Structures are given as C-alpha cells and as structure tokens.
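Peer 1: Structure for this input, please:
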Amino acid sequence: MAYTVIEVQKLTGVSSHTIRFWAKKGLLPFVQKDKNLVKYFSITDVEWVRWISYLRSINMSLKDIKTYIYLSTKGIDSAPDRKKMLENQLENINKEVLKLEKAKEMLKYKIGVYDKIIKTGIDEYNPESRDYQKKTRKNK
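Peer 2: The predicted structure is shown next:
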C-alpha cells in the first residue's frame with residue numbers, strides 16, 4: 001500500500017511540512033514520486049519517518065541522519081559505522097542526562113530554600129529583597 005504525505009502525517013504524528021522538508025533535504029531518498037511529483041510512501045518509508053522523528057527528538061543533526069541513511073543503503077558492511085553513530089548519540093544523551101540531574105538537584109535545593117522562607121517568614125538568602133534579614137545565630 002502507498003501512503004500520501006497527509007496519511008503519513010496521520011500515521012506518525014510528524015507534520016506534512018516536516019516530512020516534505022526532510023524529503024527536500026534528502027532524508028527520504030526511497031520515497032516514490034508519480035509523474036506529477038506527488039510523493040507516495042511505502043510502509044517501510046513510514047517506518048523511516050518514525051525513525052527520523054525519533055533521531056531528531058534526541059537531537060541528532062540532519063547531517064548525521066542523512067549520513068546514517070546513506071550508510072544504511074550500503075548494507076551490512078556499514079553496520080559498524082551506523083552502530084558507532086548510535087553509540088555517539090547515546091554518549092551525548094548520557095552527558096545531557098548528567099546535566100539534567102545537576103539541574104534537578106539545584107532546583108530541589110532552591111525549592112528547599114523557598115520552603116524555609118515560607119515557613120519562617122525570613123529571607124536570609126536575597127540581600128536585594130525588602131524582606132532580607134542577614135543571617136544571625138538567632139535565625140539560623
């Protein structure tokens with residue numbers, strides 16, 4: 001069965017504008033066109049749209065995705081290169097997770113600060129606040 005861009009949009013949740021953009025950038029080289037240049041997608045093409053959408057969601061660049069797709073046409077011999085690309089992406093995600101964990105800890109700390117301010121009615125953290133009170137033994 002062949003699907004139109006609009007049908008692929010409905011199946012994948014990827015906008016038709018984005019699908020057309022990816023096709024223009026060469027990310028969907030397998031998609032067939034009729035004599036009027038209307039694109040028709042096979043079920044395999046639909047799966048590629050889903051995969052590209054996923055790769056974009058984890059911040060893989062269009063250039064890298066295009067390379068990955070090109071390598072996929074080269075068969076098993078390119079499997080190590082494709083694997084390496086995905087390993088690099090995993091490494092990037094792991095770095096991002098560490099950054100997010102640090103951000104999470106900072107937010108938890110700051111929420112604790114506000115819990116203390118709300119509980120005590122004393123702001124000893126922000127000297128610019130009109131409610132600021134310098135730390136003393138009494139309000140520690």
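Peer 1: so what does the biggest helix by length in the chain touch, helix or strand wise?
Peer 2: Criterion DSSP state H: the longest helix present in the chain is helix 79-120. Where contact means 3 or more Cβ pairs under 8 Å, 6 or more residues apart in numbering; DSSP states H and E, helix 79-120 is packed against helix 62-72. No exception for glycine: its C-beta is placed from N, CA and C like everyone else's.
Peer 1: Report the separation between Y54 and I69.
Peer 2: According to Cβ to Cβ, to the nearest Å, Y54 and I69 sit 13 Å apart.
Peer 1: and the two? which has more neighbours close in?
Peer 2: I69 (20 against 10; other Cβ atoms under 10 Å).
Peer 1: show me where pLDDT drops low in the protein?
Peer 2: For the chain, applying pLDDT under 70 flags the ranges 131-132, 134-140.
Peer 1: now with 90?
Peer 2: Within the chain, the ranges that satisfy pLDDT under 90 run 1, 32-39, 116-117, 120-140.
Peer 1: any idea which residue sits dead centre in it?
Peer 2: When Cα atoms, centre = their mean is applied to the chain, the residue found nearest the centroid is S57 (2.9 Å).
Peer 1: What separation do you get for that one and V31?
Peer 2: S57 is 21 Å from V31, by Cβ to Cβ.
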